[in-house]
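Engineer: Below are the sequence and a predicted model for it; my questions follow.
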Amino acid sequence: MSEVVVALDVGGTGMKCGLVSAAGELLHAERHPTNAAAGGEAVVETILEVATALAGKARADGHTPVAAGIAVPGVVDEERGIAVWAANVDFRDVPLRDLVSDRLGLPAALGHDVRAGGVAEARIGAGAGHRHVLFVAIGTGIAAAHVVDGRAFAGAHGAAGELGHIVVRPGGPVCGCGAHGCLEAVGSASALARRYSALAGSPRSAAEAAAAAASGDPVALRAWDEVVDALADGLAIAQSLFDPAVVVVGGGLAEAGEQLLAPLAAGLRARLTFQREPALVRAALGDAAGCLGAGLLGRDAVEAA
């Protein structure tokens, strides 16, 4: 019988869950609604029910569940295993690690969703083979994970990696955090959609903007170039702060591939002076990264016990 970790990547609308082997392979995958509209307590109960069912699935398939790993959004105190705050799932100081451990009777680990994804990309994904990896997720928002020797750093208050909230356009558009000109407000997929919509005079999505820019539409190209320019500014700051060997770009905007990576790499290169240029690569694990990362964190919990 092989040992597996019960892994859950909890998002605002859905959970990507599965059984992860000791080698980091996703042996079984499921998706479930988060039930966030019902409130934080309902989300916690959904997590516990799904985790219990996955442990049962593991045993039924001849595996031995040895731990659980849970990745959640928001501010996470990973040392104490507490989901401190997450608006989209209504978490406030939830001792989620212990709740899962007590329900399953197994060691458990709790991590931040982006940091968990960064750990997976660094260990078994596009950053494998590098000691110093910066994982940057560019989607509706922007967040990052600084991973050294396969471990992500959470910071003193569980809030490290908020790359989306460095100010790159002082006095620019208001961000969801309340500040003006944050990278997230001008360099995210949602920012791209807003800018293209404003320039085109009608509602457009980020995917439509990327497709139109790829076809040479001048209005879309203007919006695309502005976003890439802002991202290059953000990555230049990140390179000065973290000095990674490789920057792994994930999230929805990374689906554009070289359409994003080529001009972004050129823009970053033009901004660097004394800093060493990192390799800039597309994430390899897709939307399974968070689940795989949760599995790896659960495996770490077993080894640390």
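Structural biologist: Yep, that arrived.
Engineer: Give me the nearest residue to Ile124, chain neighbours excluded.
Structural biologist: Gly24 (4.4 Å; Cβ to Cβ, 6 or more residues apart in numbering). Bear in mind the C-beta positions are built from the backbone N, C-alpha and C, glycine included.
Engineer: mind listing what Arg59 touches?
Structural biologist: Arg59 makes contacts with Pro65, as judged by Cβ atoms under 8 Å, 6 or more residues apart in numbering.
Engineer: now the helices: where do they sit in this protein?
Structural biologist: Ranges of helices in the chain, per DSSP state H, are 40-60, 96-104, 113-124, 183-187, 189-200, 206-214, 218-242, 258-271, 289-304.
Engineer: would you list the ones you listed in a markdown table and tack on mean pLDDT and distance to Phe135?
Structural biologist: Formatted as a markdown table, the helices of the chain follow (pLDDT from 0 to 100; distance: least, Cβ to Cβ, whole Å):
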| stretch | mean pLDDT | distance to Phe135 |
| --- | --- | --- |
| helix 40-60 | 97 | 24 |
| helix 96-104 | 98 | 22 |
| helix 113-124 | 97 | 3 |
| helix 183-187 | 97 | 15 |
| helix 189-200 | 97 | 16 |
| helix 206-214 | 97 | 20 |
| helix 218-242 | 98 | 11 |
| helix 258-271 | 98 | 14 |
| helix 289-304 | 95 | 8 |
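Engineer: Now distance to Leu134 too, for those, in JSON lines please.
Structural biologist: Listed next are the helices of the chain as JSON lines, based on distance: least, Cβ to Cβ, whole Å:
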{"stretch": "helix 40-60", "distance to Leu134": "29"}
{"stretch": "helix 96-104", "distance to Leu134": "26"}
{"stretch": "helix 113-124", "distance to Leu134": "8"}
{"stretch": "helix 183-187", "distance to Leu134": "14"}
{"stretch": "helix 189-200", "distance to Leu134": "19"}
{"stretch": "helix 206-214", "distance to Leu134": "22"}
{"stretch": "helix 218-242", "distance to Leu134": "5"}
{"stretch": "helix 258-271", "distance to Leu134": "12"}
{"stretch": "helix 289-304", "distance to Leu134": "14"}
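Engineer: What's the separation between Ile124 and Ala232?
Structural biologist: 28 Å (Cβ to Cβ, to the nearest Å).
Engineer: That should have said Ala152, apologies.
Structural biologist: Per Cβ to Cβ, Ala152 is found 24 Å from Ala232.
Engineer: same deal with Thr140?
Structural biologist: Taken as Cβ to Cβ, the span from Thr140 to Ala232 is 20 Å.
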